[in-house]
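Asks: coordinates only, sequence not included:
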């Protein structure tokens, strides 16, 4: 990830992708209602845009150019095509809201967008956390999201997202990795697991491997990968 | 034949039902927001219910290859509770914007009180604002009068009749609805409302135009397979396959498709099941082998 990209620039990068790929009428509607500096946030309109983005920008699959992919990766948004344009619209909305709110209100807004979001909205919030200033403020939210039984919500933190490796405690990170193994998500999609690998994680994974062996179940290669790893 | 159950409260049903429905050919459902058998005492309980209709329940359905859509509203029964009514109505603008919400409903009458009337009208206005059709519940008691009043209100408000689905019809109310441009729903129940044989007789008499059937299965004694069972009863009665398909597939799609949000995939392809990444007490599965469609 590039260092210290101002939120205004990050929002602009996202919006340029939205302009290039969204339907013209929807882009125009969005831009006319975007939070902008100097005007208090209209919460109703904000959450309307946030919810409606799935429908208004999600009609077709997103196919990015190499340059766009790099530009988004620079913000910490990996594998954006998987989540489509709505997630980028929602990230831009959060960044723009950040520009008009005080820091406490941002935490509250992000929490509300998550709590009252459907699955797509929740995924978008979780993927946006690293883009917001002082992202460590959102650690509790991301840890809580890892407890979700909706796999997409869990994966929004666990996969293709630098947030957990950067901010999770060892316990939270280890729990996430074990859940990755339980749910058979490819470990390769977990950003930074090698850097955060630790003795306790290896112990947890060895115990899990033993449990599976005792039950006569197979040992997926990702379990072996951690069991055999060294820090 | 692919089937659509356009009214079923899946939050109250088990995964056995989802499996049986999928086996019987049900590929899509609409789950209307309704009451839960016991009055809610907080606005927040409604909000969590709305969240579950657009979140967890959609996800659960997808695990069985079933597309899940919902309708949002303050139901007529709980409209009578002044402690929660205003708060719930104020929630609706946010939830009516959500993906997979294909109508405002269930709205209409229960006891036919003045409060119900005002809230019915207010929610028809919401449907207009959000460009959605409406799903109207008709009361169990004094059903015929309730149906007449429903039609009067729709007409008074100038709401387009083809965007109104009046539900839970019987032999007495169906002719009233068919005289309008509204769609006519029928809830096929084990004991009350309507049964498969009577439904087949109605189809023979009136044909398939704007006719819809559903199970309306909820937390009470009900049968989540009533749509496939009605298909069978209609076949037994000698009704043509094409007529049956219009009732259990084309009509609900035509009606809810008016929302512009009924995403049935390319050419209504079946939703691919992938339970692989869901395992061990962490999902709908409890250690079984996950089902994966190729």
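Replies: Right, received. Where do you want to start? If you're wondering where the values come from, they're calculated on a predicted model, not measured in any experiment.
Asks: every contact and neighbour count from this point should use C-alpha atoms.
Replies: Noted.
Asks: and for residue B:2, the neighbour number?
Replies: By the criterion of other CA atoms under 10 Å in any protein chain shown, residue B:2 has 16 neighbours.
Asks: and residue B:273, what's its pLDDT?
Replies: If you check residue B:273, the pLDDT there is 65.
Asks: same thing with residue B:263?
Replies: 88.
Asks: and it, how close does it get to chain A?
Replies: Computed as CA to the nearest CA, to the nearest Å, the residue B:263 to chain A distance reads 9 Å.
Asks: now do the contacts for that residue.
Replies: Going by CA atoms under 8 Å, 6 or more residues apart in numbering or on different chains, residue B:263 touches residue B:100.
Asks: surely it forms part of a strand?
Replies: No - residue state for residue B:263 (DSSP: H, G, I helix; E, B strand; the rest coil) corresponds to coil; a strand is not indicated.
Asks: need phi/psi at it.
Replies: phi -80, psi 100 (degrees, to the nearest 10).
Asks: once you drop chain neighbours, what's closest to residue B:73?
Replies: residue B:105 (4.9 Å; CA to CA, 6 or more residues apart in numbering or on different chains).
Asks: partners of the host helix or strand of that neighbour, with directions?
Replies: Using DSSP states H and E, residue B:105 sits within strand B:101-108. Looking at strand B:101-108 with DSSP bridges, its partner strands are strand B:67-72 (parallel), strand B:134-137 (parallel).
Asks: next, format those strands as TSV and append mean neighbour count and mean pLDDT.
Replies: Formatted as TSV, those follow (neighbours: other CA atoms under 10 Å in any protein chain shown; pLDDT from 0 to 100):
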stretch	mean neighbour count	mean pLDDT
strand B:67-72	27	98
strand B:134-137	27	98
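Asks: for stretch A:209-216, buried residues please.
Replies: residue A:209 (16 or more other CA atoms under 10 Å in any protein chain shown).
Asks: so how far is stretch A:92-101 off the chain centroid?
Replies: In terms of CA atoms, centre = their mean, to the nearest Å, the centre of stretch A:92-101 is found 16 Å from the chain centre.
Asks: next, see if that stretch gets close to chain B.
Replies: No - contact of stretch A:92-101 with chain B (CA under 8 Å from any CA of the partner chain) is absent, the minimum separation being 15.9 Å.
Asks: neighbours of residue 39, how many?
Replies: I went with chain A, as the question did not name one. 9.
Asks: that's the wrong chain, I wanted chain B
Replies: Per other CA under 10 Å, the neighbour tally for residue B:39 reads 10.
Asks: just residue B:33 next, same as before
Replies: 23.
Asks: what does residue B:162 give?
Replies: Counted with other CA under 10 Å, residues neighbouring residue B:162 total 16.
Asks: how near is it to chain A?
Replies: 23 Å.
Asks: which parts of chain A sit against chain B?
Replies: Remark: the part of chain A in contact with chain B comprises A:44, A:47-48, A:51-52, A:54-55, A:116-119, A:149-151, A:182-185, using CA under 8 Å from any CA.
Asks: let's see that with 10 Å instead.
Replies: A:44-56, A:58-59, A:115-122, A:147-152, A:179-186 (CA under 10 Å from any CA of the partner chain).
Asks: show me which of these are buried.
Replies: Using 16+ other CA under 10 Å, the buried ones in the residues of chain A next to chain B are A:46-56, A:58, A:115-122, A:149-152, A:179-185.
Asks: got a list of what the residue nearest to the spatial centre of chain A touches?
Replies: Centroid-nearest residue in chain A: residue A:127, 1.7 Å away (criterion: CA atoms, centre = their mean). By CA atoms under 10 Å, 6 or more residues apart in numbering or on different chains, the contact list for residue A:127 reads A:76-78, A:80, A:83, A:87-88, A:90-91, A:121, A:142, A:153, A:155-157, A:159-163.
Asks: who's in contact with stretch B:242-251?
Replies: Contacts of stretch B:242-251 (CA under 10 Å, 6+ apart): B:1-6, B:26-28, B:183, B:185, B:200, B:203-204, B:207-214, B:227-228, B:230-232, B:234-235, B:241, B:252-254, B:257.
Asks: buried residues in it?
Replies: B:243, B:244, B:245, B:246, B:247, B:248, B:249, B:250, B:251.
Asks: what stretches of chain B score poorly on pLDDT?
Replies: Within chain B, the stretches with pLDDT under 70 are B:266-294.
Asks: same thing with chain A?
Replies: Low-confidence segments of chain A, defined by pLDDT under 70: A:1-3, A:231.
Asks: quick check: longest helix of chain A.
Replies: Determined from DSSP state H, the single longest helix within chain A is helix A:80-100.
Asks: just after that one, pick out the following helix or strand.
Replies: Per DSSP H and E, the first helix or strand lying C-terminal to helix A:80-100 is helix A:103-115.
Asks: contacts for that following helix next, please.
Replies: By CA under 10 Å, 6+ apart, the surrounding residues in contact with helix A:103-115 are A:43, A:46-47, A:50-51, A:90, A:94-95, A:97-101, A:117, A:120-126, A:128-129, A:132-135, A:137-138, A:141-142, A:145, B:48, B:51.
Asks: buried residues, stretch A:104-111. List them.
Replies: Residues of stretch A:104-111 classed as buried: A:106, A:107, A:109, A:110, A:111 (neighbour count, 16+ other CA under 10 Å).
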